[in-house]
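1. Test case, fold it:
(2 chains)
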Amino acid sequence: AQKITQTQPGMFVQEKEAVTLDCTYDTSDQSYGLFWYKQPSSGEMIFLIYQGSYDEQNATEGRYSLNFQKARKSANLVISASQLGDSAMYFCALPWGTSGSRLTFGEGTQLTVNP
Amino acid sequence: GAVVSQHPSRVICKSGTSVKIECRSLDFQATTMFWYRQFPKQSLMLMATSNEGSKATYEQGVEKDKFLINHASLTLSTLTVTSAHPEDSSFYICSWTHVTYGYTFGSGTRLTVV
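-> Residues are numbered from 1 along each chain as shown, chains lettered A, B, ... in the order given. Predicted coordinates:
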């Protein structure tokens, strides 16, 4: 069974500083991918970044990067130079089911960026 | 990119009434669609999987007679919450999975039952 764990219900960071959001996972699949989504208070799910289990490099997308440690089964999201607009809920997600068609989400981390 | 339109974005209904939520893919067709529910401060939990032209598959603990899903075409799926009660108040969000576009989410519907 797939399992995603986010152990930080809430995180605070000062504007312009970097922050790391933790995510650990458990899967029996040999090949898998991990997603991070941002959910602002409006509720929409915004895709941030994806990491494939066989990708040799850690994924990066602008200010977002993944600290992927396969042996530890962790895929932490690093946000550099935090902005006030980064305040939101962040979810780590793991595909499962037929062809990985559905996602299982972690509990989420509420990030607050302080001015 | 893929665009999914979900309506309404917010609805308030009286206890005992039914509410229909629509989820439409605007620029792609996909046979499979997922409905998630999210209670305040919690994660998204998969409620059901719908396939065009066939019956939906519900996750354990989700009442299929209460949450009616109709997936009539490759671009439209609807979720009807029947005989809504305050405990059904939640955020409902649809998601399409496409081989090219990956996971695409609707903007969500915030349901409040009073």
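2. CA only for contacts and neighbour counts going forward, please
-> Will do.
3. Model confidence score at residue 9, please.
-> Chain wasn't specified; assuming chain A. We have a pLDDT of 96 for A:P9.
4. Chain B was what I was after
-> The model reports B:S9 with a pLDDT of 97.
5. Skipping its backbone neighbours, what lies nearest it in space?
-> Distances taken as CA to CA, 6 or more residues apart in numbering or on different chains put B:T109 closest to B:S9, at 4.3 Å, once the chain neighbours are dropped.
6. Now do the one you found: how many residues are near it, please.
-> B:T109 has 23 neighbouring residues, counting by other CA atoms under 10 Å in any protein chain shown.
7. contacting residues for it?
-> For B:T109, the contact set (CA atoms under 8 Å, 6 or more residues apart in numbering or on different chains) comprises B:6-11, B:21, B:91-93.
8. Please tell me how far the residue positioned nearest the centre of chain B sits from A:T20.
-> Against the mean C-alpha coordinate of chain B, by CA atoms, centre = their mean, the closest residue is B:W35 at 3.9 Å. Here B:W35 is placed at a distance of 30 Å from A:T20 (CA to CA, to the nearest Å).
9. which bits of chain A sit near chain B?
-> A:43-45, A:91, A:101-102, A:104-108 (CA under 8 Å from any CA of the partner chain).
10. Would you map the strands across the chain?
-> Looking at chain A here, since you left the chain open. Remark: strands assigned in chain A by DSSP state E are A:3-5, A:10-14, A:19-21, A:24-26, A:33-39, A:46-52, A:60-61, A:64-69, A:74-79, A:88-96, A:102-105, A:109-114.
11. Chain B was what I was after
-> B:4-7, B:10-13, B:19-25, B:32-38, B:45-51, B:57-58, B:67-73, B:76-81, B:90-98, B:102-105, B:109-113.
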